[in-house]
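In: need a 3D model of the sequence below.
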Amino acid sequence: MALLVAWVAIWTPSCFVLGKRVDEPVHVVRGPLPTRIQHPLGLTYLSFRPRRARVLEPGRQAFAATTTYSSIFEVNSDASSRVAFDGEFGRTAARWRRGLGSGWDFEVELPFLYTTSGFLDAFVEEFHSVFGLGGGGREFFPRDQFDMSIFTDGQTIYSTAEDQFGIGDVPLILTHQLREETAEQTAVAVRFGVELPTGSESDGFGNGELDLGVGLISERSIGRVSYFGGLDFYLNGASSDFDAAGIDANNLLMAQGGLEYRWSDRLSLLMQIVFQTHGYVNEVELEEIDGRILDLGVGLAADAPGDSHWLLSFHEDVIAAAGADFSVLFSWSWGL
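Out: Predicted coordinates:
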């Protein structure tokens, strides 16, 4: 579904969408949700955040601070392997973007990661019960425990400990606008990224390798509605523990689709999906690590003083096979 949304958003040329013309008055665009899939192993790889398909003017700068806190329970084993992701974790990042001219801008993000046994298990269980969502078996385990590791063929290939704090891998991203939005066409941009191996392998905050990515993003506004699409492909490096066990890190394909409705001149309602087409490894045949992830997010964004915005959103992996069971994101941005 996310692949279809991204394809339509990128290539729709018509000046009529949802029965309205694109030349109706357009208010400030506050979306999309600047999220990424929250999985402890996935956070060691490059991942583009959804963003607008426009670049900053030459010399213009923008800043953002984003924090995401997640609860996950994905535990399973077979004759040769055991995957355990039981706990809570967060990622807080500061981003800086600058317009370079000739349709380009540059972005760098400095992330910090932290782990904890947390406090959300009772809430997540009740939340899943109310909305009829799968709990993955967390109701049969003690609450607020911590265990995050992957063990296969006698070797531990990934682990992180409770109450760890440290820097993650640093992404550098160049974005080029291919075409601007007009009454006849959708805005489209392409971006290229590399992630520097600044995170600690031993703490589970990095993979020790350069990761590469390329993506296509789009944007169209129709009066008070904006929608966003994207397709991203990543070449991921394998950590030294993966190499020692003869395991490769999967290259990943992700699709994004987002919708914004400007409820008022100061407030927007946002919805978004990010679909990861397959898991992080193939050699460990447990869905907790090789399953697909479909992150559904809903939230709101509002204007703040000085050309800034704040945003709050809630996220759930609706496939409930590998991703985080519940996440909350808060972001403040200026100039984006």
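In: can you pull out the strands in the stretch 151-300 of the chain?
Out: For the stretch 151-300 of the chain, applying DSSP state E, counting those that start in this stretch gives strands covering 155-160, 165-167, 170-179, 187-196, 211-222, 225-235, 252-262, 267-276, 293-304.
In: helices of the chain, start to end?
Out: 2-11, 121-131, 240-244, 287-290 (DSSP state H).
In: so who does residue 46 touch?
Out: The neighbours of residue 46, taking CB atoms under 8 Å, 6 or more residues apart in numbering as the test, are 169, 171, 193, 194, 195, 211, 212, 213, 234, 236. Backbone N, C-alpha and C define where each C-beta goes, glycine included.
In: do the same with residue 204
Out: 40, 44, 115, 148, 158, 159, 160, 161, 164 are the contacts of residue 204 under CB under 8 Å, 6+ apart.
In: if we go to 6 Å?
Out: Counting by CB atoms under 6 Å, 6 or more residues apart in numbering, residue 204 makes contact with 159, 160.
In: quick check: it vs residue 83, distance?
Out: Between residue 204 and residue 83 the distance, using CB to CB, to the nearest Å, works out to 14 Å.
In: low-confidence regions, the stretch 1-150 of the chain specifically.
Out: For the stretch 1-150 of the chain, applying pLDDT under 70 flags the ranges 1-27, 121, 125-141.
In: quick one: the strands in it, in order.
Out: 16-17, 20-21, 61-77, 81-101, 104-116, 147-152.
In: out of those strands, which is closest to residue 178?
Out: strand 104-116 (11.2 Å; CB to CB).
In: going by neighbour count, which residues of that closest one are buried?
Out: Within strand 104-116, the residues scored as buried using 16 or more other CB atoms under 10 Å are 104, 105, 107, 109, 111, 112, 113, 115, 116.
In: closest to residue 284 among those?
Out: Nearest to residue 284 out of the buried residues of strand 104-116 is residue 115 (CB to CB; 21.0 Å).
In: just checking, the closest one touches residue 88?
Out: No. Between residue 115 and residue 88 there is no contact under CB atoms under 6 Å: 7.5 Å.
In: and residue 224, which of the strands of the stretch 1-150 of the chain is closest to it?
Out: For residue 224, the closest of the strands of the stretch 1-150 of the chain is strand 20-21, at 9.0 Å, according to CB to CB.
In: any idea how far apart the tips of stretch 303-313 sit?
Out: Distance between the two ends of stretch 303-313: 15 Å, counting by CA to CA, to the nearest Å.
In: list of residues touching it?
Out: By CB under 6 Å, 6+ apart, stretch 303-313 touches 30, 33, 266, 297, 299, 301-302, 329-334.
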